[in-house]
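K.L.:
Fold the following, please.
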Amino acid sequence: MATIAVVIAMRAEAAPLIAELGATAESATEGWPTQMYVARLGEDTVVIAVNGVDHVHNVDLVGTEPAVLTTMQVVERWRPDVVISAGTAGGWTRSGGQIGDVFVAWPHVVRHDRRIGIEHFREYGIGSHPVWARSEELANALGARTGIVTTSNSLDESETDREWILSLHGEVKEMEAAAVAWVCSLSGTPFAAIKAITDLVDHPTPTADQFLANLTTASTRLSEVLPEAIRWCAQSVNSESY
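P.N.:
Numbering: from 1, shown residues only. Predicted coordinates for the structure are as follows:
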């Protein structure tokens, strides 16, 4: 029996998956914003963890800090066999990206905005974290693309960001995966990332406008592939346990 956890930043990204799986809300930990939902797939357990809402500004908690908090709670409470960082992301026309494309992170995830120009700290800042060894097989099973996912705490891309992303060979830009991966690395929990493209960073239309226009489309696309991904991961875990 496998436990697969899906960590998602935004309520709109999570809602179609929660509905698709018929997941039910778990009681929240007092004082923390994380929202958790649980579904059963046969004998396997699926935990959907959403970062929650900022208590001051009443917006979705996006970015690396909420992702760390959510992932810590998931790992401590559920001890999942695999954690999937799922959500929407930016792509690039330079690499043939299109709205609605689904990517599975491979072979690692990185950060491009934690720039520390001191020996050894540079590598720490980038924080390259390998993904689950079976992620490439997962991508093939989903008919998804693979690429390096790069994380920052900004939606847009500055000129400096652009230079770093190119040097790191990033193909998907988002705001949580590397933080989720870091927590998973501390606990030895296998980590994967699945992202659906809402915006093309190098398109003339402003990123925020693209994101808002395509959020529902990309979230629906996620809800189409994530159940299959969860089942595949659970089957892989169960087969390895025999």
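
K.L.:
okay, CA-based contacts and neighbour counts for the rest of this
P.N.:
OK.

K.L.:
In the helix of greatest length in the chain, which residues are buried?
P.N.:
Using DSSP state H to define each element, the chain has its longest helix at helix 207-240. Neighbour counts over helix 207-240 (16 or more other C-alpha atoms under 10 Å) mark 207, 210-211, 214-223, 225-227, 229-234, 237 as buried.

K.L.:
now stretch 46-65
P.N.:
Quick answer for stretch 46-65 (16+ other C-alpha under 10 Å): 46-53, 60-64.

K.L.:
Repeat that for stretch 21-33.
P.N.:
For stretch 21-33, by 16+ other C-alpha under 10 Å, it's 21, 23, 33.

K.L.:
give the contact list for the residue lying closest to the last one once chain neighbours are set aside.
P.N.:
In space, residue 33 comes closest to residue 52 once its chain neighbours are excluded; the distance is 5.0 Å by C-alpha to C-alpha, 6 or more residues apart in numbering. Neighbour list for residue 52: 9-11, 33-35, 60-61 [criterion: C-alpha atoms under 8 Å, 6 or more residues apart in numbering].

K.L.:
now those as a markdown table including distance to residue 157 and pLDDT?
P.N.:
What follows is the contacts of residue 52, written out as a markdown table (distance: C-alpha to C-alpha, whole Å; pLDDT from 0 to 100):
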| residue | distance to residue 157 | pLDDT |
| --- | --- | --- |
| 9 | 20 | 97 |
| 10 | 20 | 96 |
| 11 | 24 | 95 |
| 33 | 28 | 96 |
| 34 | 28 | 97 |
| 35 | 29 | 97 |
| 60 | 20 | 98 |
| 61 | 20 | 98 |
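
K.L.:
where are the low-confidence patches of the chain?
P.N.:
The model of the chain has pLDDT under 70 over residues 241-242.

K.L.:
what are the ranges of the strands in it?
P.N.:
For the chain, the strands defined by DSSP state E cover 3-8, 24-25, 35-41, 44-50, 82-91, 102-111, 129-130, 145-151, 170-174, 191-200.

K.L.:
Any idea which of these gets closest to residue 68?
P.N.:
strand 3-8 (10.0 Å; C-alpha to C-alpha).

K.L.:
Surely residue 24 touches residue 40?
P.N.:
No: judged on C-alpha atoms under 8 Å, residue 24 makes no contact with residue 40 at a distance of 9.8 Å.

K.L.:
Now the common contact residues for the two.
P.N.:
Shared contacts of residue 24 and residue 40, defined by C-alpha under 8 Å, 6+ apart, are absent.

K.L.:
got the buried residues for stretch 140-152?
P.N.:
Buried residues in stretch 140-152 (16+ other C-alpha under 10 Å): 142, 144-152.

K.L.:
So which of the contacts of residue 52 belong to helices?
P.N.:
Per DSSP H, those map to helices at residue 11.

K.L.:
how about residue 85, what does it touch?
P.N.:
6-8, 176-177, 180, 191-195.

K.L.:
same thing but 7 Å
P.N.:
By C-alpha atoms under 7 Å, 6 or more residues apart in numbering, the residues touching residue 85 are 6-8, 177, 180, 192-194.

K.L.:
Return the closest of these with respect to residue 110.
P.N.:
Residue 110 lies nearest to residue 177 out of those, by C-alpha to C-alpha, at 8.3 Å.

K.L.:
Go through the buried residues of stretch 46-65 and name the one nearest residue 186.
P.N.:
Closest approach to residue 186 among those (C-alpha to C-alpha): residue 64, at 15.7 Å.

K.L.:
if I look at that closest one, how far off is residue 181?
P.N.:
11 Å (C-alpha to C-alpha, to the nearest Å).
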